[in-house]
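Undergrad: Sequence first, predicted coordinates after that:
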Amino acid sequence: MTSGTLVPVFAALGDETRWSILAALGEGDASASALAGRLPVTRQAIAKHLAVLQEVGLVESVRVGREVRFRVVGSQLSDTARRLDAIGAEWDRRLAAIKAIAEGLAADEGAPAT
């Protein structure tokens, strides 16, 4: 994932199977075969889903002997979370400003006329 848009990440995570794969990998590295044994999906389908997750930078593959294992790229998840937090903080700031304006207007209505 680049510093650009989060759309590819959300598109990848919008699929329930890919979300399940990411959650399973959150518990530890695993091969496509091991993931297929845990999820109700074929190994071929798991491999395709892993390719999508790898393309957006959420997982990476590591060769361990003859086996290829996949693991979550924590830095990419953390970056995504930070960017979402920044969006949330901006909305919190805007809502606080609206609240202050509304409270100021309510106070002005309750004040005696001069």
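TA: Yep, it's here.

Undergrad: Okay, buried residues for the helix ranked longest in the chain please.
TA: Longest helix in the chain, counting residues (DSSP state H): helix 74-110. For helix 74-110, burial by neighbour count (16 or more other CB atoms under 10 Å) applies to 76-77, 79-80. From N, CA and C alone the C-beta is placed, and that goes for glycine too.

Undergrad: Measure how far that helix is from the centre of its chain, please.
TA: For helix 74-110, the distance from its own C-alpha centre to the chain's C-alpha centre is 20 Å (CA atoms, centre = their mean, to the nearest Å).

Undergrad: Could you give the secondary structure assignment for residue 57?
TA: coil (DSSP: H, G, I helix; E, B strand; the rest coil).

Undergrad: That one is in contact with residue 74, isn't it?
TA: No: the criterion here is CB atoms under 8 Å, and residue 57 misses it with residue 74 at 11.2 Å.

Undergrad: Would you mind writing the CA trace of stretch 27-34 as CSV?
TA: Only the C-alpha atoms of stretch 27-34 are listed here, as CSV (Å, rounded to 0.1, in the frame of the first residue of the first chain):
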residue,chain,number,x,y,z
GLU,A,27,-3.0,-15.5,15.4
GLY,A,28,0.2,-16.6,13.6
ASP,A,29,1.9,-17.3,10.3
ALA,A,30,0.3,-20.0,8.2
SER,A,31,0.6,-21.6,4.8
ALA,A,32,-2.3,-21.5,2.3
SER,A,33,-2.9,-25.2,3.0
ALA,A,34,-3.1,-24.6,6.7
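
Undergrad: hmm, back to that, widest-spaced pair of the buried residues of helix 74-110?
TA: Greatest spatial distance among the buried residues of helix 74-110 (CB to CB): 77 and 79, at 7.3 Å.
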